[in-house]
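Novice: Here is my input; please provide its structure:
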Amino acid sequence: MQCVLIARSGETQLMLNQYKNMNVIFILWLRQIKRYLRSKSRVFGSLAQPLFFLFALGFGFGPVFSKAGEGNYIQFLVPGIISMTIIFTSISAGMEIIWDKQFGFLKETLVAPVSRLNIMIGRTLGGATIATFQGTVVLFLSLIVGFHPISWMLVPLAILIMFLSSLLFTALGTAIASKLDDMQGFQMIMNFLVMPLFFLSGAIFPLDRTTTLGTIASFDPLSYTVDALRNLLTNIHFFSLARDVSLLAILTIVFLVIGSYFFSKVQI
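Specialist: Okay, the predicted model is just below:
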């Protein structure tokens with residue numbers, strides 16, 4: 001009888017710990033969402049840039065693209081603009097870590113009797129959710145300029161790809177921010193990292209896998225996001241969808257591990 005009571009007590013404690021961990025993750029996720037929704041300027045600014053790129057590049061290079069026999073440039077461009085939205089939003093989420101360092105919130109969080117891994121997961125899920133939301137909004141706004149998916153049945157899968165990619169780049173932003181204390185330094189590193197990743201991904205121009213640029217693109221994580229979205233939304237692709245999803249999943253796990261490690265070493 002005593003053994004049964006001890007076993008049940010252990011199970012109860014395990015359930016309480018699991019509930020506590022999930023509660024921490026949910027609260028930090030919800031904090032990220034509320035901060036985003038309450039900042040109207042941030043919502044507008046985060047959508048203004050991709051829409052500007054969409055209109056300027058779509059209508060600017062569209063005729064040239066068509067004359068070259070490459071088809072509809074808007075169809076080609078939209079997955080790239082969605083990917084641009086994801087990477088900018090995801091990596092910039094790391095800036096909130098530096099912000100919280102400077103204003104003391106991160107210290108209060110880290111001294112709480114909760115796992116740093118759960119803190120990192122909650123923040124990462126929050127940043128990834130915001131980036132996915134913005135990518136989805138850009139997808140639907142692109143319908144205004146003439147974009148149309150090949151099948152609406154594939155749109156939910158495309159949103160899952162967005163979320164997977166958002167996790168990857170949010171974890172990368174977390175890893176970078178965990179090693180920095182200066183917000184300006186983070187912005188410099190972000191620009192130095194994001195712009196090459198964006199332009200080398202084939203987001204705004206077609207790639208040829210036989211060229212040097214095509215080879216370089218195969219080492220760019222964002223190129224697999226762009227290609228997977230084109231596979232699902234337009235049936236234009238550079239790699240196979242299975243390869244895109246597999247590599248994105250592997251890279252996401254790798255960057256989550258790296259981000260968790262660096263976040264666990266944060267000193268306040």
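Novice: can you give me the offset of stretch 214-232 from its chain's centre?
Specialist: Using CA atoms, centre = their mean, to the nearest Å, the mean C-alpha position of stretch 214-232 is found 14 Å from that of the whole chain.
Novice: Give the other helices and strands that the strand or helix carrying residue 122 contacts.
Specialist: Assigned by DSSP states H and E, residue 122 belongs to helix 116-141. Judged by 3 or more CB pairs under 8 Å, 6 or more residues apart in numbering; DSSP states H and E, helix 116-141 is in contact with helix 2-38, helix 40-67, helix 73-92, helix 95-103, helix 105-110, helix 155-178, helix 241-264. For the C-beta atoms, the positions are set from N, CA and C on the backbone; glycine is no exception.
Novice: tell me the mean pLDDT over that helix?
Specialist: On average, the pLDDT along helix 116-141 is 89.
Novice: Same question for that helix: list its buried residues.
Specialist: Of the residues in helix 116-141, 117-139, 141 count as buried by neighbour count, 16 or more other CB atoms under 10 Å.
Novice: Hey, what's the angle from it to helix 40-67? Just curious.
Specialist: Between helix 116-141 and helix 40-67, the angle comes out at 50 degrees (axes from the mean of the first three to the mean of the last three CA atoms, to 10 degrees).
Novice: Can you give the distance from helix 116-141 to the centre of its chain?
Specialist: With CA atoms, centre = their mean, you get 6 Å for helix 116-141.
Novice: Next: stretch 77-85.
Specialist: With CA atoms, centre = their mean, you get 12 Å for stretch 77-85.
Novice: same thing with stretch 134-146?
Specialist: 17 Å.
Novice: Residues in contact with that stretch: which ones?
Specialist: With contact meaning CB atoms under 8 Å, 6 or more residues apart in numbering, stretch 134-146 is reached by 46-47, 50-51, 54-55, 58-59, 72, 74, 78, 81-83, 85-86, 89, 155, 158-159, 162, 166, 233.
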